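# Output the structure for:
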Amino acid sequence: MRIEAITRRKIVVELNQEDMNTLDITYDALDYASVETRRVIWVILDRVREATGCDIDPSGQLLIDAMPRPTGGCILFFTLRGGCAETAFGASDRVLRKQEQLMAAFEFADIDALLDCAAAYAKSLRFEGARLFTLSELYTLEGRYRLLLCPALELCAVKRFFSEYAVFCGEDSFAACHTREHWKRTGGDAGFEHLGGRTLEIKGPRALTHFQAGNVYAGIEN
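Next up is the predicted model:
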């Protein structure tokens, strides 16, 4: 079980297949109307409390997003919300939302960082042959570039590669939806892995929006 505290109001928990077996739950069976799912959520929140000190009250206004992991297990996003009664735990069946596709978001300060990363990825494919993602979408805004991708490996491995060139912006549905709504799609249909030898048109001033990731708590005993 891997626990990441983005903020005190947003916690990410990654469960591998062994974790799921230990908790005696499957991704398909996750449903907050189920007693078994509620039991699992309570157990996970206890682990979060022990690891981070964040005391998330399941009776409060909590929203859970669940996404399957490429190699088994799932990722759970716990978000404390205020002023919205319909998202209160137990008040709506939408308290646990399932997303069938995980899209991680990475932001590049400028065209140079983007193309350097694309060239490095093309080189890694030639020598290692292991794809980091199954599909990608590229967007631009005021000289910056944001890449959305669906990981083919563990998310930590994907983040490790891209962190040298880009800022990690999130892996929940909000990051992808916000990018698609406010950024302009670019790069055509060629895909990120084919950008190594290409040049994209630069428009607008260059600027970098800084994002500070939270603490990571790995190796939590089940």
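
# center of the chain - which residue?
residue 171 (1.5 Å; Cα atoms, centre = their mean).

# For that one, give me its contacts.
12, 67, 75, 102, 103, 104, 105, 155 (Cβ atoms under 8 Å, 6 or more residues apart in numbering). C-betas here are computed from N, CA, C, even on glycine.

# give me the beta-bridge partners of the third one?
Taking DSSP bridges, one finds residue 14, residue 67 as the beta-bridge partners of residue 75.

# ok, it to residue 66 distance?
Distance, residue 75 to residue 66, using Cβ to Cβ, to the nearest Å: 7 Å.

# sec struct for residue 134, please.
With DSSP: H, G, I helix; E, B strand; the rest coil as the basis, the three-state label of residue 134 is strand.

# That one touches residue 150, doesn't it?
Yes: contact status for residue 134 versus residue 150: in contact at 4.9 Å, counting by Cβ atoms under 8 Å.

# Can you pick out the residue with more neighbours from the two?
residue 150 (16 against 12; other Cβ atoms under 10 Å).

# Wait, a strand at that one?
Yes: looking at residue 150 with three-state DSSP, it is inside a strand.

# And the pLDDT for it?
Per-residue pLDDT puts residue 150 at 80.

# so how far is residue 51 from it?
Taking Cβ to Cβ, one finds residue 150 at 28 Å from residue 51.

# list the contacts for residue 159?
Going by Cβ under 8 Å, 6+ apart, residue 159 touches 104, 168.

# Show me what counts as buried in the helix or strand encompassing it.
Residue 159 is part of helix 155-162, with elements assigned from DSSP states H and E. By neighbour count on 16 or more other Cβ atoms under 10 Å, the buried set for helix 155-162 is 155, 158, 159, 161, 162.

# now do stretch 64-84
By neighbour count on 16+ other Cβ under 10 Å, the buried set for stretch 64-84 is 64-69, 73-80.

# Mind checking what secondary structure residue 32 has?
Per three-state DSSP, residue 32 ends up coil.

# next one: residue 42
Strictly by three-state DSSP, residue 42 counts as helix.

# Report how many residues lie close to it.
Using other Cβ under 10 Å: residue 42 sits among 10 other residues.

# any idea how far residue 68 is from it?
Applying Cβ to Cβ to residue 42 and residue 68 gives a distance of 22 Å.

# again, but for residue 144
Noted for residue 144: a distance of 30 Å to residue 68, by Cβ to Cβ.

# Next up, identify which helix or strand residue 180 is on.
helix 173-182.

# Next one, pLDDT for residue 180 please.
pLDDT, residue 180: 85.

# go on, residue 18?
Residue 18 is assigned a predicted lDDT (pLDDT) of 92.

# got it, and residue 101?
pLDDT, residue 101: 68.

# Next: residue 139.
At residue 139, pLDDT is 91.

# try residue 74
88.

# hang on, it packs against residue 12?
No: here residue 74 does not reach residue 12: they are 11.3 Å apart, not a contact under Cβ under 8 Å.

# what residues are up against residue 126?
Taking Cβ under 8 Å, 6+ apart as the definition, residue 126 has no contacts.
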